[in-house]
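Trainee: I'll drop the sequence and a predicted model, then ask my questions.
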Amino acid sequence: MITGTVLLSFTVCEREAWLIAHQIEPEQSNPFIEIGRLIHTESYRKNQIREIALPGIKIDMIYSQGQVTVVGEIKKSSKFLKGARLQLLYYLSELKKRGVHAAGKIMIPKEKKQIDINLDDQGIKDLNQAIENVEKLISLPKIPQKIRNAFCTKCGYEQFCWS
């Protein structure tokens, strides 16, 4: 199943995306996963609606800003903006299919950044291309080869891949 998290992971590591898509969970006690969880729970507390789950979607926050419904995705840093954008475009697309028209916002509290994301023609094109690529990847019968990159040491799958 394609999820927002699989799309995000695909931009960082295809092996990680394949593992997530096949329900193989990362090490939850990984300190970087714990830090991300802490940032998620402690940031933007005053917003009224937090964390909504639908099939393939786990929205960090949703709130109204005037007449606009805003879907917020909280991130630890701006390192993975390409993936975060695809993740949020996926959420906006899925909500639109359910009759909810919303704007997106990537929120990076540590950097005091907020990046607006809209489901426009280019976003739809980028999302469809990413979904096509991810579908090919996750249909592979075997896990992709491991390829070390700069993010491996902070990854919840580091022990799985490199022990």
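Mentor: Now that the structure is in, tell me what you want to look at.
Trainee: Isn't Phe10 up against Ala21?
Mentor: No - with contact defined as CB atoms under 8 Å, Phe10 does not reach Ala21; the gap is 9.0 Å. (C-beta placed from N, C-alpha, C; glycine too.)
Trainee: Can you tell me how far Ile24 is from Arg15?
Mentor: According to CB to CB, to the nearest Å, Ile24 and Arg15 sit 10 Å apart.
Trainee: now the helices: where do they sit in this protein?
Mentor: Applying DSSP state H to the chain gives helices spanning 4-10, 14-21, 31-42, 81-97, 121-138, 158-162.
Trainee: lowest-confidence stretch among those?
Mentor: Ranked by mean pLDDT, these bottom out at helix 31-42, with a mean of 66.
Trainee: Which pLDDT value goes with Asn47?
Mentor: Among the per-residue scores, Asn47 shows a pLDDT of 60.
Trainee: Spit out the contact partners of the nearest residue to Asn149 once chain neighbours are set aside.
Mentor: Of all residues not flanking Asn149 in the chain, Cys13 sits nearest, at 6.5 Å (CB to CB, 6 or more residues apart in numbering). By CB atoms under 8 Å, 6 or more residues apart in numbering, the residues touching Cys13 are Ile147, Asn149, Phe151, Cys152, Cys155.
Trainee: List only buried entries from those residues.
Mentor: Buried members of the contacts of Cys13, scored by 16 or more other CB atoms under 10 Å, are Cys152, Cys155.
Trainee: Which strands border the longest strand along the chain, and is each parallel or antiparallel?
Mentor: Counting by DSSP state E, the longest strand found in the chain is strand 57-65. Partners of strand 57-65 in the sheet, by DSSP bridges, are strand 49-54 (antiparallel), strand 68-74 (antiparallel).
Trainee: Mind listing the shared neighbours of Phe10 and Ala21?
Mentor: Counting by CB under 8 Å, 6+ apart, the contacts common to Phe10 and Ala21 are Val134, Leu137.
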